[in-house]
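Student: okay, predicted coordinates and the sequence, questions at the end:
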Amino acid sequence: MACLVLAAASLVSAPSACAAEVLVQSGASLQTVIDAASPGDTIRLEAGRYDGPLLIDRKLSLVGEPGAVLTGPGKGSVVTVTAPEVEIRGMEITGSGLDVPAMDSAILVQESAPRADIRGNHLVDNLFGVYLHGAAGSIVEDNVITGRKDLRLAEAGNGVSIWNAPDAKVIGNTISHGRDGIFVKVSKHNTFENNTFSDLRFAIHYMYTHDSRIVGNRSRGNHVAWAIMYSERLEIRNNVSDNDRDHGLMLNSTNASQVVGNTVRGGGEKCAFVYNANVNRIVENWFEGCPIGIHFTAGSEGNVMTGNAFVANRMQVKYVGTRYVDWASEGRGNYWSDNPAYDLDGDGIADRPYRPNDVMDEILWTLPQAKVLVSSPAVQMVRWAQARFPALYPGGVVDSAPLMRPPQMTRPDAL
């Protein structure tokens with residue numbers, strides 16, 4: 001059984017056979033304490049200010065009491081971890097450098113340091129908050145990460161950056177200001193769950209990351225909520241985007257993924273943008289109050305679109321293509337708030353198909369100046385002719401089984 005030893009920072013650490021708890025007072029040389037510690041020790045910091053930078057090169061727990069603040073010199077990373085299974089908990093950490101290629105961070109976890117546990121910290125005014133650079137199996141949980149507010153977006157770092165860290169988890173964090181809330185590149189089997197994002201470029205930015213989960217996250221006031229690129233076999237479920245500036249959901253070359261139960265409201269440009277994304281299940285999502293509900297382009301094929309609600313979008317669908325695509329599956333389509341439908345047999349399915357776009361929509365997409373004619377008799381005549389001669393319709397989206405009522409899904413409260 002591990003023994004517990006309480007020692008002042010000035011005392012010699014306990015023998016390596018024991019897991020010691022070392023109590024450190026403000027003003028002590030924290031790096032000296034770390035260098036003297038044995039693997040498995042816990043270093044507990046009393047309230048007060050401590051100077052960085054720190055290098056943790058053995059398995060340790062660095063735990064801060066309320067009011068413990070670790071301050072870097074404004075150059076490099078404040079804490080660099082090179083040993084496996086290091087725990088950093090309850091700290092306020094500030095003062096990293098601004099060198100993006102050097103990955104200057106509040107906490108930089110190197111490839112030699114898998115299974116790090118970064119929990120319950122307040123990371124403020126750093127370039128990057130936490131950088132998992134190959135640290136597989138690590139967890140970043142319940143931290144508050146506030147980036148630099150004085151940098152341009154191109155100069156800023158991310159709240160959490162992940163490179164090639166399979167099985168890493170980012171759960172329950174609050175992340176604001178900076179470039180991306182979570183940026184992940186070339187990884188797999190990651191989980192991002194129940195995080196909250198604001199005042200960022202992208203809340204979550206995926207690049208070449210497969211077999212992973214994005215579940216229960218919330219985004220507000222960012223440029224884009226979920227920017228998913230060049231990734232496959234993802235689960236994107238029950239996330240909320242409120243009033244994000246450009247898009248709520250962007251799927252760019254994202255394939256064979258499940259996009260289920262997400263809510264996008266009040267997007268400044270598009271609720272969802274689907275670009276060259278194929279063989280995805282996009283079901284039971286709620287898209288509301290955007291200039292464009294969903295924009296499909298660049299040959300996106302083989303996607304299942306059913307059970308979604310398109311509510312009060314200025315243009316429900318912008319489909320760029322010449323093929324006919326049926327957005328119904330197994331006799332069940334989507335709900336369209338602007339569909340003046342009827343249901344004589346009472347089965348919940350409208351008795352006529354719904355076409356969100358017509359020839360005039362296609363003209364307005366390619367020639368925006370033509371919008372000045374949208375109320376003219378000529379435009380009304382074209383639309384009247386289409387309604388009576390369906391062969392005049394261009395290729396595009398048809399919902400052969402539109403729903404009379406929106407799907408029963410839990411509508412989350414506004415952020």
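Tutor: Perfect, thanks for sending it. Numbering: from 1, shown residues only.

Student: which ones are touching the closest residue to residue 147 other than its chain neighbours?
Tutor: Counting by Cβ to Cβ, 6 or more residues apart in numbering, residue 147 lies nearest to residue 178, which is 2.9 Å off, once chain neighbours are set aside. C-beta here means a position set from N, CA and C on the backbone, and glycine is covered the same way. Taking Cβ atoms under 8 Å, 6 or more residues apart in numbering as the contact definition, residue 178 lies against 129, 147, 148, 151, 156, 157, 158, 159, 200.

Student: burial check on the third one, number of neighbours?
Tutor: The number of residues packed around residue 148, counting by other Cβ atoms under 10 Å, is 17.

Student: go ahead and confirm it touches residue 127.
Tutor: Yes - if you go by Cβ atoms under 8 Å, residue 148 and residue 127 touch, sitting 6.7 Å apart.

Student: identify the contacts common to the two.
Tutor: Common contacts of residue 148 and residue 127, defined by Cβ under 8 Å, 6+ apart, comprise 98, 156, 157.

Student: returning to that earlier point: by neighbours, which of the contacts of residue 178 wins?
Tutor: In the contacts of residue 178, the most neighbours by other Cβ under 10 Å go to residue 159, 32 neighbours.

Student: for the nearest residue to that one once chain neighbours are set aside, give the beta-bridge partners.
Tutor: Excluding the flanking residues, the one nearest residue 159 by Cβ to Cβ, 6+ apart is residue 175, at 3.6 Å. Assessed by DSSP bridges, residue 175 has beta-bridge partners residue 145, residue 197.

Student: residue 175 touches residue 192, doesn't it?
Tutor: No - using Cβ under 8 Å, residue 175 is not in contact with residue 192; the gap is 10.7 Å.

Student: okay, these two: which has more neighbours?
Tutor: The residue with more neighbours, out of residue 175 and residue 192, is residue 175; 31 against 28, by other Cβ under 10 Å.

Student: distance-wise, check the more buried one relative to residue 196.
Tutor: Per Cβ to Cβ, to the nearest Å, residue 175 is found 7 Å from residue 196.

Student: joint contacts of residue 175 and residue 192?
Tutor: Residues touching both residue 175 and residue 192 (Cβ under 8 Å, 6+ apart) are residue 182.

Student: centre of the chain to stretch 114-127, how far?
Tutor: 18 Å (Cα atoms, centre = their mean, to the nearest Å).

Student: let me see the mean pLDDT of that stretch.
Tutor: Averaging pLDDT along stretch 114-127 yields 97.

Student: what do you get for stretch 32-41?
Tutor: Mean per-residue pLDDT for stretch 32-41: 95.

Student: equivalent analysis for stretch 131-146, please.
Tutor: Here the average pLDDT along stretch 131-146 is 98.

Student: okay, how far is it across it, tip to tip?
Tutor: Using Cα to Cα, to the nearest Å, one end of stretch 131-146 lies 14 Å from the other.

Student: ok, stretch 159-178 next?
Tutor: Start-to-end, stretch 159-178 (Cα to Cα) is 7 Å.

Student: again with stretch 284-304
Tutor: OK, stretch 284-304 end separation, Cα to Cα: 11 Å.

Student: in it, which residues are buried?
Tutor: 284-288, 290, 292-296, 300, 303-304 (16 or more other Cβ atoms under 10 Å).

Student: same question for stretch 105-117.
Tutor: Across stretch 105-117, burial judged by 16+ other Cβ under 10 Å covers 105, 106, 107, 108, 109, 110, 113, 114, 115, 116, 117.

Student: got a list of what the second one touches?
Tutor: Yep, that's residue 106 we're talking about. 72, 77-79, 93-94, 96, 121, 123, 126, 128-130, 145.

Student: could you list the paired strands of the strand or helix carrying it along with their orientation?
Tutor: According to DSSP states H and E, residue 106 maps onto strand 105-109. Take DSSP bridges as the rule and strand 105-109 pairs in its sheet with strand 79-81 (parallel), strand 128-133 (parallel).

Student: and the contacts of the first one?
Tutor: Right, the one you point to is strand 79-81. Residues external to strand 79-81 that are found in contact with it (Cβ under 8 Å, 6+ apart): 52-56, 62, 70, 88, 93, 106-110, 113, 116, 135.

Student: check which element follows that strand along the chain.
Tutor: strand 87-89.

Student: check which helices and strands the helix or strand immediately after that next one in the chain is in contact with.
Tutor: Downstream of strand 87-89, the next assigned helix or strand under DSSP H and E is strand 92-94. Counting contacts by 3 or more Cβ pairs under 8 Å, 6 or more residues apart in numbering; DSSP states H and E, strand 92-94 is packed against strand 68-71, strand 105-109, strand 122-126.

Student: nice, that's everything, thank you.
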